[in-house]
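Participant: here's my sequence, what's the structure:
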Amino acid sequence: MKSLPTAKQGLNGSLIVPGDKSISHRALMFGAMANGTTTILNRLDSADVTSTMNVLRSLGADIDIKSDTVTEVVGHGIRGLKKPNIPLDMGNSGTSTRLLTGLMAGADIEAEVHGDNSLSKRPMDRIIDPLTEIGANIDSQNGHLPLQIHQSKIASKFAQTLKVGSAQVKSSILLAGLAAGSDVSLTDSFHTRNHTEAMLPKFGVKVDIEGDTIHIPADQTLQPTEIEVPGDISSAAFWIVAGLITPNSKLKIKNVGVNETRTGIITVLKEMGANISIDMKDDFGEPIADITVTTSQLHGIEVGGSIIPSLIDELPIIVLAATQATGTTVIKDAAELHVKETDRIETVQEELTKLGADVTPTSDGFIINGGTPLQSDNIHVFGHGDHRIAMMLSIAALITDGSVILDDDDSVKISYPTFFENLEGLV
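Facilitator: Model (predicted):
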């Protein structure tokens with residue numbers, strides 16, 4: 001339980017957000033698949049990423065945390081991965097579960113996969129079905145955890161089309177083919193985040209991209225390398241919106257990854273009238289920038305269509321921004337929110353309504369009537385064990401009169417363990 005601060009004097013200053021979660025997961029996995037020592041700089045230290053490290057250790061990789069900023073992964077090649085002698089605990093991490101399931105199926109590793117109560121409610125048939133089509137042998141509990149991965153023989157050559165707009169599903173299929181030595185063609189018309197196909201060439205893997213189709217030729221070997229992880233734009237999103245909606249504010253968020261498949265939030269907020277400046281930095285394989293925001297008068301817009309996959313994780317904080325915009329904001333085509341750590345359509349509406357916001361849930365999004373002052377009178381809000389809901393509510397409390405209590409603050413450790421430390425440093 002945590003009493004949330006307000007920002008009556010505004011938010012001013014700068015901060016650096018933790019490393020990107022998606023990139024940290026992949027750097028660890030690819031390092032474990034390589035033969036030799038991979039050095040990872042600025043790896044995110046969070047519960048989800050720790051789940052990936054623990055599972056990779058169970059599969060035979062050696063991972064040494066040298067310092068707060070340096071992690072070494074000693075891999076023994078794909079064929080050096082081994083059958084674990086214990087069930088694998090993925091914690092709360094959907095990325096760990098889906099990507100590593102594809103990797104293990106492709107490497108013909110038998111394993112039992114578990115997760116926490118929240119993860120066990122999330123759909124896994126979205127990876128089981130396409131993996132089964134190419135030769136994986138996986139049992140589940142009606143499309144949910146726990147999973148039993150049996151001996152599998154992935155087709156030596158296959159072509160698939162992504163059926164859901166999920167980078168986790170895309171990466172699961174690509175890793176299955178890569179681990180099996182298959183010739184893989186995968187078409188992604190959703191344009192999901194591209195960290196997997198962007199990072200693999202750093203490990204010496206040939207990746208051909210033509211239009212929407214990703215092609216990885218057969219029999220690729222991963223070589224060890226050095227990966228620098230940029231700041232996570234999903235974490236930066238909370239400060240971006242905080243700076244926009246809190247009066248008398250100017251914030252700079254430094255060294256943020258601005259991969260074009262992840263910057264939908266910047267596009268949408270600018271369309272809403274946000275004053276955001278982007279100062280590009282050196283590119284270490286992923287584009288990086290300092291982002292500066294100042295208090296802005298936002299206006300309502302319609303958000304939907306092809307931009308949704310690039311901001312699906314940021315939609316809770318975008319809804320908060322919309323509550324302070326003039327006019328009505330409509331968010332649609334985001335039914336994927338139903339199957340995140342919580343049903344985020346339900347939990348966002350429920351918790352923001354407690355603070356006086358006018359948010360109507362729809363089957364695939366929200367209708368938000370903006371310009372509504374947020375109220376507080378010893379109000380208890382609840383993150384429902386979902387890190388992004390808890391952090392969104394903490395930003396919402398900044399523009400109330402005070403007396404907002406977050407009943408479950410521990411969930412932020414999943415992606416942003418230093419969130420409250422950063423928050424208290426700004427107010």
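
Participant: where do the helices of the stretch 51-200 of the chain begin and end?
Facilitator: Assigned by DSSP state H, counting those that start in this stretch, the stretch 51-200 of the chain shows helices spanning 94-106, 125-133, 167-180, 195-199.

Participant: can you redo those as JSON lines with distance to residue 55?
Facilitator: Bear in mind the C-beta positions are built from the backbone N, C-alpha and C, glycine included. Shown next, in JSON lines, are those (distance: least, C-beta to C-beta, whole Å):
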{"stretch": "helix 94-106", "distance to residue 55": "6"}
{"stretch": "helix 125-133", "distance to residue 55": "15"}
{"stretch": "helix 167-180", "distance to residue 55": "13"}
{"stretch": "helix 195-199", "distance to residue 55": "17"}
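
Participant: out of these, the one nearest residue 384 is which?
Facilitator: helix 94-106 (15.8 Å; C-beta to C-beta).

Participant: what are the ranges of the strands in the stretch 151-300 of the chain?
Facilitator: 157-161, 183-187, 208-210, 213-216, 226-228, 250-257, 275-280, 288-294 (DSSP state E, counting those that start in this stretch).

Participant: alpha carbons of the first one, in CSV - could you do that?
Facilitator: In other words, strand 157-161. Extracted as CSV, the C-alpha positions of strand 157-161 are listed here (Å, rounded to 0.1, in the frame of the first residue of the first chain):
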residue,chain,number,x,y,z
LYS,A,157,11.3,-25.2,-44.5
PHE,A,158,8.1,-23.3,-43.9
ALA,A,159,6.2,-20.1,-44.7
GLN,A,160,3.5,-18.7,-42.4
THR,A,161,1.4,-15.5,-42.1
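
Participant: pull up the distance across stretch 352-363, start to finish.
Facilitator: End-to-end distance for stretch 352-363, by C-alpha to C-alpha, to the nearest Å: 18 Å.

Participant: list the buried residues for it?
Facilitator: Within stretch 352-363, the residues that count as buried by 16 or more other C-beta atoms under 10 Å are 352, 354, 355, 357, 359, 361.

Participant: I'd like the residues you listed as JSON lines, with pLDDT and distance to residue 294 appended.
Facilitator: Shown next, in JSON lines, are the buried residues of stretch 352-363 (pLDDT from 0 to 100; distance: C-beta to C-beta, whole Å):
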{"residue": "352", "pLDDT": "98", "distance to residue 294": "24"}
{"residue": "354", "pLDDT": "97", "distance to residue 294": "29"}
{"residue": "355", "pLDDT": "97", "distance to residue 294": "24"}
{"residue": "357", "pLDDT": "98", "distance to residue 294": "23"}
{"residue": "359", "pLDDT": "98", "distance to residue 294": "25"}
{"residue": "361", "pLDDT": "98", "distance to residue 294": "31"}
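
Participant: among those residues, give me the pair with the biggest separation.
Facilitator: Farthest apart among those by C-beta to C-beta are 355 and 361. That separation is 15.8 Å.

Participant: secondary structure class for the residue of the chain most remote from its centre?
Facilitator: Taking C-alpha atoms, centre = their mean, the residue of the chain most remote from its mean C-alpha position is residue 377, at 33.0 Å. Assigned by DSSP: H, G, I helix; E, B strand; the rest coil, the conformation of residue 377 is coil.
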